[in-house]
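Engineer: Let me see the structure of the following:
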Amino acid sequence: MGIFDVFKSKPEVKEIGNLNCINIGGKFDTGHKVDNKALFKYLNDHIKKKTIKKEFSIKIKEKIINENINEIDLNSVGKFYIPSNQIDDGEEKMMAFRIIEKTLFILNVYNNLEWWSKKIKFDGDVRSISIQILELDDYEYKLLQPYEKKIANGKAKNFYNSYLGLYKNLFEGLFLTDKRKKYPINSFVSLVGFKEA
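Structural biologist: Numbering: from 1, shown residues only. Predicted coordinates:
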């Protein structure tokens, strides 16, 4: 170690944290509209009564793989990998993908901590999360199959290139087909995530 190495800064590790989530799909989020007024009242009432923990139904665990990749373990679906440069980068959301048995899961984690801080009185970070589910036909699966195993391993040397390739195939290919223009997804899960202290 050289004398000046002590002045080198380590790269900033960005994280989402472990999240306890409440499923708001159907009750407050129809897929077309969110009843925010009722949702905020519901959440604030449970926070005030200190019963919010009883409403948690899904747990998201995060693990830092390296300075570039974070692993997001969604207990009901499995592991997703997010490039850490997307976390709270000023964009609307960060995305991760998983393909299981001809079904594509798109995990959207929204960079909306500040928005939530103005809506509910919770002492900690809160963010929106959604999972879009696409049941792939043979053509769609063939288009995405080359990425199926590559995006399932965040430790892979070329993971980021595979991630970008899949992203491009989705948004410059699959979602431009007549079928997906008409019906972009088959189903969804809508969550509110509360970061563990």
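Engineer: Read off the pLDDT value for Lys8.
Structural biologist: pLDDT for Lys8: 45.
Engineer: Next, the buried residues of stretch 74-91.
Structural biologist: Within stretch 74-91, the residues scored as buried using 16 or more other CB atoms under 10 Å are Leu74, Val77, Phe80, Tyr81, Ile82, Pro83, Ser84, Gln86, Ile87, Asp88. In short, each C-beta sits where N, CA and C put it, glycine included.
Engineer: cool, stretch 109-116 as well?
Structural biologist: For stretch 109-116, using 16+ other CB under 10 Å, the buried residues are Val109, Tyr110, Asn111, Trp116.
Engineer: Lowest pLDDT pick from these?
Structural biologist: Lowest confidence among the buried residues of stretch 109-116: Asn111, with 90.
Engineer: Mind putting the buried residues of stretch 109-116 into a markdown table with distance to Asn36 and secondary structure?
Structural biologist: Listed next are the buried residues of stretch 109-116 as a markdown table, based on distance: CB to CB, whole Å; DSSP: H, G, I helix; E, B strand; the rest coil:
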| residue | distance to Asn36 | secondary structure |
| --- | --- | --- |
| Val109 | 19 | strand |
| Tyr110 | 14 | strand |
| Asn111 | 18 | coil |
| Trp116 | 11 | helix |
